[in-house]
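Asks: sequence? don't have it. structure:
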């Protein structure tokens, strides 16, 4: 059985980026500055006060399609680091990725007839609301719950339980995927394709990123929180 | 076919008993040989291997990737056969070149492997068909905001059938959300924009 190489803490940060440029977006959202010379992953993580184990898990999840995350590599203290990372990701999506897509959608609909313009505009606006609600729910309810749990008190929100999060965890890439197929397969094309190609590339990129994002939530965050909830339950 | 030129099989099955049983049956056939067995797909990448056939229990595939089986192993022209102990959506199994059930006889298993190999040499699996008339009718009702129950009553079919139609529609169009289906329906003049204002 062939085991693909995974990233290790002794590797140079520049090597990781050379191996997979999609990791650049992780550095961007963690505010890690470029120009890191020969510094290793561990050096950089220490410098920025980021958990090396968590950083490696995230990078491995991003780069290796069949990577199975290892929660046993992480400490309970990493839970707070995960929520910090997820908040930074939300910020990255809402301030960088989605505005770019919105802008392209705006340019796209300019070329359409009245009916199709209203259709696509409304579809995208609804999606935009859905995404914002999704992020707001996590930031206002889920993350504070997890953070208070970790700070040692479950009492202030006894009614909440991480399994509710799993129940409410809607799939926010569904509509994005629909939009993609509508453009590729069904939207009549009368003008230039430039806008469409660039929009599709942006959608593919953010879709891929959202997929990794939910892997981090489902395979790292939730299992860790469940362990912690169980410990509280036993006390 | 030369004896030395048997089809090479990778078997991915979590149960050791089942795995040993299938291996024993296949080892008796002159056409096929199992060269490797795994309990889960792990990081297996078929690209650099000389495997011809993968027999895999779909239970080991991550649920989100159940429709991506053709791209899962990174190699084109693989014959992929499902080894099932439970039932799966038809649209999931359709991606496989064949499907072996654990109650199949030894003879039937080898037969199924042969037709799977034939199937794999035919046209690619992703057939995107036009919607049938029935599917267009149901899509129209969905776009108008009707519930599965209402649609079942209107067409005099069971809710289960409505659900399976909707699944097939989404599969064919590549559109899953109701609002996406509505966009498609309006674009194709199945319903009118004025129905919504």
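Replies: The structure has been received and is ready for your questions. These numbers come from a predicted model, not from an experiment.

Asks: drop to CA atoms for contacts and neighbour counts, all remaining ones
Replies: Will do.

Asks: tell me where the chain has helices.
Replies: In the absence of a named chain, chain A is used. Secondary structure of chain A by DSSP state H: the helices cover A:13-19, A:24-29, A:41-47, A:52-63, A:78-92, A:98-109, A:114-137, A:143-150, A:162-168, A:174-181, A:194-215, A:222-234.

Asks: actually, chain B is the one I wanted.
Replies: B:16-27, B:69-72, B:90-93, B:106-121, B:133-143, B:148-155, B:159-173, B:178-187.

Asks: any idea which of those helices is most buried?
Replies: Highest mean neighbour count of the helices of chain B: helix B:178-187, a mean of 22 (counted as mean count of other C-alpha atoms under 10 Å in any protein chain shown).

Asks: distance from that helix to the middle of the chain?
Replies: Helix B:178-187 sits 26 Å away from the centroid of its parent chain (C-alpha atoms, centre = their mean, to the nearest Å).

Asks: next, the angle from that helix to helix B:159-173.
Replies: Our comparison of helix B:178-187 with helix B:159-173, counting by axes from the mean of the first three to the mean of the last three C-alpha atoms, to 10 degrees, yields an angle of 70 degrees.

Asks: which other helices and strands does helix B:178-187 contact?
Replies: Contact partners of helix B:178-187 among helices and strands, from 3 or more C-alpha pairs under 8 Å, 6 or more residues apart in numbering or on different chains; DSSP states H and E: helix A:114-137, helix A:174-181, helix B:133-143.

Asks: now do the contacts for residue 143.
Replies: Picking chain A for this. Contact criterion C-alpha atoms under 8 Å, 6 or more residues apart in numbering or on different chains gives residue A:83 as the residues in contact with residue A:143.

Asks: correction: the question concerned chain B.
Replies: With contact set as C-alpha under 8 Å, 6+ apart, residue B:143 has these partners: B:178, B:179, B:181, B:182, B:185, B:191.

Asks: turn those residues into JSON lines, including pLDDT.
Replies: As requested, those are arranged in JSON lines below (pLDDT from 0 to 100):
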{"residue": "B:178", "pLDDT": "92"}
{"residue": "B:179", "pLDDT": "92"}
{"residue": "B:181", "pLDDT": "95"}
{"residue": "B:182", "pLDDT": "94"}
{"residue": "B:185", "pLDDT": "94"}
{"residue": "B:191", "pLDDT": "89"}
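
Asks: which among the residues you listed gets closest to chain A?
Replies: Lowest distance from chain A to the contacts of residue B:143 (C-alpha to the nearest C-alpha) belongs to residue B:179, with 6.8 Å.

Asks: would you confirm that the closest one contacts residue A:122?
Replies: No. Counting by C-alpha atoms under 8 Å, residue B:179 stays clear of residue A:122, with 9.4 Å between them.

Asks: tell me, how many residues neighbour residue A:56?
Replies: Using other C-alpha atoms under 10 Å in any protein chain shown, the number of residues around residue A:56 comes to 20.

Asks: from residue A:60, how far out is the residue lying closest to it once chain neighbours are set aside?
Replies: Ranked by C-alpha to C-alpha, 6 or more residues apart in numbering or on different chains and with sequence neighbours excluded, the top spatial neighbour of residue A:56 is residue A:7, at 6.5 Å. Residue A:7 sits at a distance of 6 Å from residue A:60 (criterion: C-alpha to C-alpha, to the nearest Å).

Asks: the one residue in chain A that gets nearest to chain B: how many residues sit nearby?
Replies: Residue nearest to chain B within chain A: residue A:178 (4.7 Å; C-alpha to the nearest C-alpha). Look at residue A:178: counted by other C-alpha under 10 Å, it has 24 neighbours.

Asks: who are the contact partners of it?
Replies: For residue A:178, counting by C-alpha under 8 Å, 6+ apart, the contacting residues are B:174, B:175, B:176, B:177, B:180.

Asks: could you dump the residues you listed to CSV with pLDDT?
Replies: As requested, the contacts of residue A:178 are exported to CSV (pLDDT from 0 to 100):
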residue, pLDDT
B:174, 91
B:175, 94
B:176, 92
B:177, 92
B:180, 94
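
Asks: pick the one among those residues closest to chain A.
Replies: residue B:175 (4.7 Å).

Asks: would you confirm that the closest one contacts residue B:181?
Replies: Yes. Contact status for residue B:175 versus residue B:181: in contact at 6.2 Å, counting by C-alpha under 8 Å.

Asks: show the contacting residues for residue A:59.
Replies: Going by C-alpha under 8 Å, 6+ apart, the list of residues near residue A:59 reads A:7, A:23, A:26.

Asks: thought residue A:15 was touching the second one, still the case?
Replies: Going back to what we said before, that points to residue A:23. No. Residue A:23 sits out of contact with residue A:15 when judged by C-alpha under 8 Å, with a separation of 10.9 Å.

Asks: so which of those two has more stuff around it?
Replies: Residue environment comparison for residue A:23 versus residue A:15 gives the larger neighbour count to residue A:23, 17 against 13, counting by other C-alpha under 10 Å.
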